[in-house]
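Peer 1: With the input below, show me the fold.
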Amino acid sequence: MTTSPRKAVTAPHLAEMKNRGEKIAMITAYDATFAAIVDAAGVDVILVGDSVATTVQGEPNTIPVTMEEMEYHVRLVRRATPKALVVGDLPFGSYQVGASQAVSNSVRLIKAGAQAVKLEGGLTVADSVRAIADADIPVMGHIGLTPQSVHRMGGHKVQGRREGYEAGGRQRLLEDAHAVEQAGAFAVVLEGIPAHLAAEITAKLSIPTIGIGAGAQCDGQVLVLHDVLGLSTRELSFTKKFADVRSLSTDACRAYVAEVREGTWPDDAHSFE
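Peer 2: This next block holds a predicted model:
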């Protein structure tokens, strides 16, 4: 019995998944090797996230990553020719000036190989979301704990626990979600918010919600690859280590070092006559 080839995932496909009640799986990847691995695992969306700053570049937060670096990593991921939808993150400083800047940099990510872009914010970026969507570029929103707002939030803190319309307030997040949807986003990430609030937002929106630290009632979930594989040394309450690849990698390299020092590597089978 042969199985039919996997179809490429598109932005409209995610809307269909929400309508069917089918959960959406999204994961980050930053190069061709890992993009091929997560695509083979069957993920629906690969996010080329600005989290590359903390997971690959060793930065303390996502602020330093540049447009040029995001273009580079999008190109690497596309070289794996994944069936999953490839979403490129707009980094800090690439859309804060206004809608024109947001569209210009979205075009750059699309030309690099992304099939959609993502940006952080709600009401404050609605005009940019609308402008990107009007340029026929699928755009994903991101509200709640927005890592690029780390200085305003005073750290990576759960949002939406308090009442109010100020940034981080429960009513504000409901307004942010509505604004992003009305502006034309095809989906929205809900990060670091109470599960009951994420469930309320998910029920009110016609577009899919992708949660991270937002409970199980979202239409989908996203995690950072390095957390999934256990490569990261950080431990966050809303992530899960599905494997301990860091320990396996360390053990493999330790075995290699031992064989080199013992003079048993390379052996005759791995040498030329």
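Peer 1: And for Glu175, the neighbour number?
Peer 2: For Glu175, the count of nearby residues is 16 (other CB atoms under 10 Å). The way it works is simple: take the backbone N, C-alpha and C, and place the C-beta from them, glycine included.
Peer 1: Check it and give its pLDDT.
Peer 2: At Glu175, the model reports a pLDDT of 98.
Peer 1: now could you export just the CA positions of whichever strand or helix holds it as PDB?
Peer 2: Following DSSP states H and E, one finds Glu175 within helix 170-183. As requested, C-alpha coordinates have been extracted for helix 170-183 and formatted as PDB (Å, rounded to 0.1, in the frame of the first residue of the first chain):
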ATOM      1  CA  ARG A 170      -6.600  41.300  30.100                       C
ATOM      2  CA  GLN A 171      -8.900  43.600  28.100                       C
ATOM      3  CA  ARG A 172      -6.000  45.000  26.100                       C
ATOM      4  CA  LEU A 173      -5.100  41.500  25.000                       C
ATOM      5  CA  LEU A 174      -8.700  40.900  23.800                       C
ATOM      6  CA  GLU A 175      -8.500  44.200  21.900                       C
ATOM      7  CA  ASP A 176      -5.000  43.200  20.500                       C
ATOM      8  CA  ALA A 177      -6.300  39.900  19.200                       C
ATOM      9  CA  HIS A 178      -9.400  41.500  17.600                       C
ATOM     10  CA  ALA A 179      -7.200  44.200  16.000                       C
ATOM     11  CA  VAL A 180      -4.800  41.700  14.500                       C
ATOM     12  CA  GLU A 181      -7.600  39.600  13.100                       C
ATOM     13  CA  GLN A 182      -9.500  42.600  11.600                       C
ATOM     14  CA  ALA A 183      -6.200  43.900  10.100                       C
END
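Peer 1: Start at 536, not 1
Peer 2: Yep, numbering from 536; the last one is helix 705-718 now.
Peer 1: Please name every helix or strand in contact with it.
Peer 2: For helix 705-718, the packing partners by 3 or more CB pairs under 8 Å, 6 or more residues apart in numbering; DSSP states H and E come out as helix 661-669, strand 674-679, strand 722-726, helix 730-739.
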